[in-house]
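Q: Okay, sequence plus prediction incoming.
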Amino acid sequence: MHLQPHGQFELQQRGRVLLCRPIGPFNLAGAMAYEAEFGQLIEKLSGAPWGIVEVATEFEAAGPEVLARFRRQFGWCAANGCAFLAVVMEGHFKQYLADQVFGGLPFQGLHYCDSESEAMAWVQGQLARSSHLVTA
């Protein structure tokens, strides 16, 4: 049985930052589709630290197997050059879900924000500081 993907996403690369917008509820097929496109963009970022802005304001829900898959995906990112992650969300339930997915992963910095502009500024600032430290 082949399940139709549930969940939509928008991905954009802005310099060394990947902007991700998951939308709606996700099933495993939807998570795998998200992962495939995500992987193609990440290839362009190799060679220097990079960051993610995850705008989860329109993310609705996902089952335990989907959250586990997202956690593995973000763990892989942290192990492969993603130094900083900022998550935009609202509400206690989304905070709980975010803690399940991102908590304890080896990012150099993880920041929860109220707006996309705040998240982008934080990640870009962290990347600028880390590249300055490398070249200093």
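A: Nice, I can see it.

Q: for the protein, what spans make up the strands?
A: 8-14, 17-26, 50-55, 59-62, 82-88, 109-113 (DSSP state E).

Q: can you pull out the helices in the protein?
A: 28-43, 64-79, 92-102, 116-135 (DSSP state H).

Q: Report the residue spans of this protein with pLDDT below the cut-off.
A: 1-3, 132-136 (pLDDT under 70).

Q: run the last query once more with 80
A: 1-3, 46, 131-136 (pLDDT under 80).

Q: Nearest the geometric middle of it, what residue?
A: Compute the mean C-alpha point of the chain, and by C-alpha atoms, centre = their mean the closest residue is residue 54, 4.4 Å away.

Q: Can you name the residues bridging to that residue?
A: residue 20, residue 87 (DSSP bridges).

Q: re the thing from before, let's have the helices of the chain in a markdown table, adding mean neighbour count and distance to residue 85.
A: For glycine as for every other residue, the C-beta is placed from the backbone atoms N, C-alpha and C. Formatted as a markdown table, the helices of the chain follow (neighbours: other C-beta atoms under 10 Å; distance: least, C-beta to C-beta, whole Å):
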| stretch | mean neighbour count | distance to residue 85 |
| --- | --- | --- |
| helix 28-43 | 16 | 13 |
| helix 64-79 | 16 | 7 |
| helix 92-102 | 15 | 7 |
| helix 116-135 | 15 | 8 |
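
Q: Now render the ones you listed as CSV, adding distance to residue 7.
A: Shown next, in CSV, are those (distance: least, C-beta to C-beta, whole Å):
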stretch, distance to residue 7
helix 28-43, 3
helix 64-79, 8
helix 92-102, 14
helix 116-135, 19
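
Q: Which one of those helices lies nearest to residue 9?
A: helix 28-43 (4.7 Å; C-beta to C-beta).

Q: what would the strands of the chain look like in CSV with distance to residue 72?
A: Output for these, formatted as CSV (distance: least, C-beta to C-beta, whole Å):
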stretch, distance to residue 72
strand 8-14, 17
strand 17-26, 14
strand 50-55, 15
strand 59-62, 13
strand 82-88, 13
strand 109-113, 17
